[in-house]
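Undergrad: what would the 3D arrangement of this be:
(chains A, B, C and D)
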Protein chains: 2
Amino acid sequence: MDRRDIFPRSLQYLIAIAEYGSYTRAAEALHVSQPTLSQQIKQLEDYLQSPLLDRSGRSVQLTDAGKIFLQHARRAWGELNIGTRAIQDVQDLSRGSLRLGWTPITDYLTCSLLARYHHLYPGITLSTLDMPQDDIEPAISEARIDIGIAFSKPSDSEEASSNTETFTLFEEALYLAVGDAHPRAKRKKHLNAQDFGKESLVQLNTDFALRHHIDRYCHDYGIEPRNVIETNSLTVIIEMVELGSLATVLPSTIINTQRGLHPIEVVPELPHHTVSMIWHKSGYKSPACLAFLELASEWSSAMLQTKSMQ
Amino acid sequence: MDRRDIFPRSLQYLIAIAEYGSYTRAAEALHVSQPTLSQQIKQLEDYLQSPLLDRSGRSVQLTDAGKIFLQHARRAWGELNIGTRAIQDVQDLSRGSLRLGWTPITDYLTCSLLARYHHLYPGITLSTLDMPQDDIEPAISEARIDIGIAFSKPSDSEEASSNTETFTLFEEALYLAVGDAHPRAKRKKHLNAQDFGKESLVQLNTDFALRHHIDRYCHDYGIEPRNVIETNSLTVIIEMVELGSLATVLPSTIINTQRGLHPIEVVPELPHHTVSMIWHKSGYKSPACLAFLELASEWSSAMLQTKSMQ
DNA sequence: GTCGGTCCATAGTTAAACCCTATAAGTTTG
DNA sequence: CAAACTTATAGGGTTTAACTATGGACCGAC
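TA: Coordinates of the predicted model:
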């Protein structure tokens, strides 16, 4: 029993005396002097305004009140013991929770990361919230989520006043994507900026960082893009493009996982966009949160390595 | 919340801070200064080796570990609260226990007392142990029973070295008892000592105080009693006497409650015997025990009054 | 950007609680 | 009745927990 214990000494003493049936022997077992027990029990009895122990005879007996109180004291002691252990569980990641926020189009990239995390720490309760790009940072500031995952905006060089930290998971090149029936599907030639400007596009709306990258590219090269459809649904974009006549701009990873889509390089190269984790700089980070950050970091290196081997 | 509480302050503080979401407001509510809370929570976190509260943001939030620990702390707090209340129950006699020991032949007298006690305090768990006269005092000394009820022995004037106290519940006169078919049943005349010595008797054995009274009487008057049957069962005595030819000596109360028995006065008068309660002098007496002693005392006065009115 | 305002953390001091040794008081046993 | 054992009491020293005063971080407003 530790010197400095959250559980009241007087109750520990009561429990021990009841167990040993003797002040003297309980004192030995507890490594305290016998008068200490006398004093503490007296105080406890004063507080409860009822005798708990009958020490008139040769052996110490519990009174009625003592018997009943002891039951509850034991249960309370047990609860605190369990609570102390449960904290250990949180720290070794056998329990806990993690709240992630990400934009809808990042999920196809990070689901494998999430699956791996869950496989490693099955006791952690995971919750993911789809939210617009611009909601992620406030959500972190207000502690509604622990970690955000999003594409970085073009302007996001270093936002000085932010109280968040970021980590780049990986970069992706952007390509023009067309369906099987699209005129450019078979040619597999690269496209120059002017030709790119003539394509009819299905695009994400301006809530998305990806769109900002493209708009900036167009502005830089004096292109007026022909945005036929705007949507906030990646599924809509893919479906529309697969129908044939429309094109879009997507990261290579998405294009390559969709059987009906074909990437076409644009020259000069469309900007890369980066997928980043973002979290609160000075706030408390739970063990579950730290474990995710570390795992994501490893996973990111592994991705880069895979990519470079291609 | 009391100034001097058995429940650890640090846990009370944690609970309050979690409730108010603020050190400052919790401190106001608890009537302590804010630094006290800072210090206590810090110590608690040190002890548990885990942060419990996240005070990086504008409002104080529980960490994962804090959430889980708080649940257990609340439960422990509840247990001690219940325990404190339960003691009150013992003291107001809505809970408790009482162990009585008595000799088999006193039960006919005291069952009504027991029933009354149970009616007044239905929450008290009663247990009665039939035991020989001579076991009662040891049982009290060894705290196996709280109160004993027995007939006093003739020699029991004042036993100095005893650590027990006694209280005389009532005195009973002894009579010769005969059945319907007994020659003396119809005469209803009193009997002198010599004629008493000629009766064939069914008697309790010498374990019983009643028998000691009778033996001493016989010895004092030079009578050699004709003890045909000895037994430790009152039922056997009554059955045998009702059959007709045998007589016995019993207290008037028993004789009058048995339809087939008739009391016959003996001259000089047979000794009275007294029924006493006996309990430990210096030992702890539970509320249930004290209540019984008091009730028995009242009941005794009432019995005397009834008897004097006859 | 800077200036208050609010909140929690830290430092230093005082009062109380806790534990110890020594000794007394009460029971039980030989 | 004395010896042995057990719990209670007294007095002193150390630790703990409370307070006041102050510092540092964050948030909003001007």
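Undergrad: not counting sequence-adjacent ones, nearest residue to residue A:193?
TA: residue A:221 (4.5 Å; C-beta to C-beta, 6 or more residues apart in numbering or on different chains). Just so you know, the C-beta spots here come from the backbone N, C-alpha and C atoms, and that holds for glycine as well.
Undergrad: same deal with residue A:75?
TA: residue B:79 is the one closest to residue A:75 (C-beta to C-beta, 6+ apart), at 4.6 Å.
Undergrad: now do residue A:71
TA: Nearest to residue A:71 is residue B:83, by C-beta to C-beta, 6+ apart, at 7.3 Å.
Undergrad: wait, residue A:98 sits on residue A:123?
TA: No. Counting by C-beta atoms under 8 Å, residue A:98 does not reach residue A:123; the two are 11.1 Å apart.
Undergrad: of those two, which one has the most company?
TA: More crowded of residue A:98 and residue A:123, by other C-beta atoms under 10 Å in any protein chain shown: residue A:98, with 24 against 14.
Undergrad: contacting residues for the more buried one?
TA: Neighbour list for residue A:98: A:117, A:124-127, A:146-147, A:286, A:288-289, A:292 [criterion: C-beta atoms under 8 Å, 6 or more residues apart in numbering or on different chains].
Undergrad: nearest to chain B among the residues you listed?
TA: residue A:286 (4.8 Å; C-beta to the nearest C-beta).
Undergrad: check contacts around that closest one.
TA: A:90, A:96-98, A:146, B:63-65.
Undergrad: apply 10 Å and report the result again.
TA: A:90-91, A:93, A:96-99, A:124, A:146, A:292, B:50-51, B:54, B:63-66 (C-beta atoms under 10 Å, 6 or more residues apart in numbering or on different chains).
Undergrad: ok, back up a step: next helix or strand past the helix or strand harbouring the residue nearest to residue A:71?
TA: Element membership for residue B:83 (DSSP states H and E) is helix B:64-91. Using DSSP H and E, the helix or strand that follows helix B:64-91 in sequence is strand B:96-102.
Undergrad: tell me the strands beside that following strand, with direction?
TA: strand B:124-130 (parallel), strand B:147-151 (parallel) (DSSP bridges).
Undergrad: does chain A have contacts with the very next helix or strand once past it?
TA: For strand B:96-102, the following helix or strand on the C-terminal side (DSSP H and E) is helix B:107-120. No. Helix B:107-120 is not in contact with chain A by C-beta under 10 Å from any C-beta of the partner chain; minimum separation 15.2 Å.
Undergrad: next, the angle from helix B:107-120 to strand B:96-102.
TA: Between helix B:107-120 and strand B:96-102, the angle formed by their directions is 170 degrees, by axes from the mean of the first three to the mean of the last three C-alpha atoms, to 10 degrees.
Undergrad: in helix B:107-120, what's buried?
TA: For helix B:107-120, the neighbour count (16 or more other C-beta atoms under 10 Å in any protein chain shown) marks B:109-110, B:113-114, B:117 as buried.
Undergrad: any regions of the stretch 151-300 of chain A where pLDDT drops low?
TA: For the stretch 151-300 of chain A, the stretches with pLDDT under 70 are A:153-162, A:188.
Undergrad: strands of that one, start to end?
TA: A:164-172, A:174-179, A:191-192, A:200-204, A:226-231, A:247-251, A:261-264, A:266-267, A:273-280 (DSSP state E, counting those that start in this stretch).
Undergrad: distance to DNA strand D and mean neighbour count for those - can I get that in CSV?
TA: Below are the strands of the stretch 151-300 of chain A laid out as CSV (distance: least, C-beta to the nearest atom of the strand, whole Å; neighbours: other C-beta atoms under 10 Å in any protein chain shown):
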stretch, distance to DNA strand D, mean neighbour count
strand A:164-172, 11, 17
strand A:174-179, 35, 24
strand A:191-192, 46, 16
strand A:200-204, 31, 20
strand A:226-231, 33, 15
strand A:247-251, 34, 26
strand A:261-264, 43, 21
strand A:266-267, 42, 16
strand A:273-280, 9, 22
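Undergrad: okay, now the domains of chain A?
TA: Using automatic domain parsing, the domain ranges for chain A come out as A:9-91, A:105-167+A:278-309, A:174-271.
Undergrad: between those, which one is closest to residue B:75.
TA: Ranking the domains of chain A by proximity to residue B:75 (C-beta to C-beta) places domain A:9-91 first, at 4.6 Å.
Undergrad: farthest-separated two in the contacts of residue A:98?
TA: A:125 and A:147 (14.4 Å).
Undergrad: those two: which has the busier surroundings?
TA: Per other C-beta under 10 Å, whichever of residue A:125 and residue A:147 has more neighbours is residue A:147, with 22 against 12.
Undergrad: in space, what's closest to that one - neighbours in sequence excluded?
TA: residue A:279 (4.9 Å).
Undergrad: spell out which parts of the stretch 101-250 of chain A neighbour DNA strand D.
TA: By C-beta under 7 Å from any atom of the strand, the residues of the stretch 101-250 of chain A that approach DNA strand D are A:141, A:163.
Undergrad: and the residue of the stretch 101-250 of chain A nearest DNA strand D?
TA: Residue of the stretch 101-250 of chain A nearest DNA strand D, by C-beta to the nearest atom of the strand: residue A:163 (5.9 Å).
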